[in-house]
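[1] no sequence for this one, just the structure:
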């Protein structure tokens, strides 16, 4: 799958089938994360991969979207490592790029994924469940699995989101 196709066909998948996700695919997804841009190339991301159903269940209790987590075969907890940070805002933006790489890689490998953010309301509990060190701040939990269904999505047109510059030149 080429890059533009991966971008345009990626969707947030919330229902997964029973097939296990191959370790090789998880490795490729994590490898794609490390190629995301980060200021000073500090690569402040860290991950905990969760495949154990008991741990998935514990983490699922930390969000109103627990049903989605329970459906997934794999959870990837994505953390910002404060010991690798140089600027909180820039490093937080880098985390978004890292997660986007993860989502695009999953899509290109035929997997579904969904970026879970609401779980951040319980990030201290999630950290405790996962035994994450104090230097790690939870940024998201990404669900992975083989999609049961792919949903459509409507996007605004370019003319709705791109504007003229101050000199009146169109994008």
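    That came through, no problem. On a predicted model such as this, the values are computed, not experimentally measured, just so you know. Numbers count the residues shown, from 1 in each chain.

[2] just the strands in this structure please.
    Counting by DSSP state E, one finds strands in the chain at the ranges 45-50, 74-81, 112-116, 136-145.

[3] any chance of those strands in TSV, plus mean neighbour count?
    For the C-beta atoms, the positions are set from N, CA and C on the backbone; glycine is no exception. As requested, those are arranged in TSV below (neighbours: other CB atoms under 10 Å):
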stretch	mean neighbour count
strand 45-50	20
strand 74-81	22
strand 112-116	24
strand 136-145	24
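
[4] who wins for proximity to residue 88 among these?
    Smallest distance to residue 88 across the strands of the chain (CB to CB): 8.4 Å, for strand 74-81.

[5] Looking at the strands of the chain, which is nearest to residue 27?
    Comparison of the strands of the chain against residue 27 by CB to CB identifies strand 45-50 as nearest, at 9.6 Å.

[6] in its sheet, what does that closest one sit against?
    Based on DSSP bridges, the pairing partners of strand 45-50 within the sheet are strand 74-81 (antiparallel).

[7] any idea of the mean pLDDT in the partner strand?
    Averaging pLDDT along strand 74-81 gives 98.

[8] for stretch 99-116, same thing?
    This predicted structure assigns stretch 99-116 an average pLDDT of 97.

[9] starting at the chain centroid, how far to that stretch?
    For stretch 99-116, the gap between its own C-alpha mean and the chain's C-alpha mean amounts to 7 Å (CA atoms, centre = their mean, to the nearest Å).

[10] Need the distance between the two termini of it.
    For stretch 99-116, the first and last residues are 11 Å from each other (CA to CA, to the nearest Å).

[11] Quick check: beta-bridge partners of residue 74?
    In beta-bridge terms (that is, DSSP bridges), residue 74 pairs with residue 144.
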